[in-house]
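Trainee: model the structure of this input:
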Amino acid sequence: MALLRSLLHLLWMGITVVPYTLAILLCRVLGAPKTVLYRIARAWLALSIRAAHWFMGIRPRIQGMENLPTDQRQGVVLLCKHQSAYETFLMPAIMPRQLAYVFKKELLRIPFFGWSIGSLDMIHINRNDGVRAFQKLVQQGQRLLAQGTWIIMFPEGTRIPRGQKGEYKSGGTRLAIRTGVPVVPIAVTSARVWPPKAFVKRPGVVDVSIGKPIPSQGRRPDELMQEVEDWIEAEMRRLDPEAYAPQPPEPTKAQERP
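Mentor: Prediction:
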């Protein structure tokens, strides 16, 4: 049953992404503001989250929305745990402000989905460019933050299996320090029902916890990222304790003797 429900959801997404992408491309050709393009894309993402509930029984449970800034002039860099594709759909659907993802340019090659995100006001970089990639991130990030868009990044860089931790890279905190905006850590337990790169998903709840903004002024990127990492990983253990169950200690040499 889980296989069938996952297949139906995939087919639904594959079918619905086509008209939404065509609408984005048409509006782009007609010269519509990028805010209009974003609203179309956000509508499809929100519909995809609802479809995950309809077809697969997956629903989000969100806490900490009150921690998000309410000042329209306040920019933030959202730093989110990354376990599956689910949170990439969910974040624009629940956030009160327009988001700009920082993503690798290879995603632009995906038919329809890549064409859509390539039409939006987001930041695509070549990870192999090193310094130039970060300069592009800062330049575009400053512009987007100044116009009221929030930047969202996955500091581990890739989807991480349940109960595991990737290497937290400091690009997000470096951007926050350069632009003078706070960072907001976010913990997500999506791998509990939607494992990374898995086709078959299971019904259940995806817990999302949004932390309080952490000021970036006067901080070092690695120090600030360590604080973000500590908060996210501690919150992951609170939200999904089964995934972080302590391992039994290895037997000592004395215990190994017959």
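
Trainee: other SSEs contacting the helix or strand residue 176 falls within?
Mentor: Using DSSP states H and E, residue 176 sits in helix 171-179. Here helix 171-179 touches strand 77-80, helix 131-146, strand 150-153, strand 183-188, helix 221-239, going by 3 or more Cβ pairs under 8 Å, 6 or more residues apart in numbering; DSSP states H and E. To be clear about C-beta, it is placed using only N, CA and C from the backbone, and glycine gets the same treatment.

Trainee: among these, which comes closest to residue 102?
Mentor: The closest of those to residue 102 is strand 150-153. By Cβ to Cβ, the value is 4.9 Å.

Trainee: what stretches of the stretch 1-150 of the chain score poorly on pLDDT?
Mentor: For the stretch 1-150 of the chain, the stretches flagged by pLDDT under 70 are 127-130.

Trainee: all strands for it, in order.
Mentor: Taking DSSP state E, counting those that start in this stretch to define them, one finds strands in the stretch 1-150 of the chain at 58-63, 77-80, 99-104, 123-125, 150-153.

Trainee: okay, those strands in a markdown table with distance to residue 240 next?
Mentor: Shown next, in a markdown table, are the strands of the stretch 1-150 of the chain (distance: least, Cβ to Cβ, whole Å):
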| stretch | distance to residue 240 |
| --- | --- |
| strand 58-63 | 12 |
| strand 77-80 | 15 |
| strand 99-104 | 24 |
| strand 123-125 | 30 |
| strand 150-153 | 21 |
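
Trainee: wait, which of these is closest to residue 42?
Mentor: Closest approach to residue 42 among those (Cβ to Cβ): strand 99-104, 8.6 Å.

Trainee: how about the longest helix anywhere in the chain: buried residues?
Mentor: For the chain, the longest helix by residue count, based on DSSP state H, is helix 2-29. For helix 2-29, a neighbour-count test (16 or more other Cβ atoms under 10 Å) marks 5-6, 9, 12-13, 17, 20-21, 23-25, 27-28 as buried.

Trainee: look up how far residue 71 lies from residue 168.
Mentor: According to Cβ to Cβ, to the nearest Å, residue 168 and residue 71 sit 27 Å apart.
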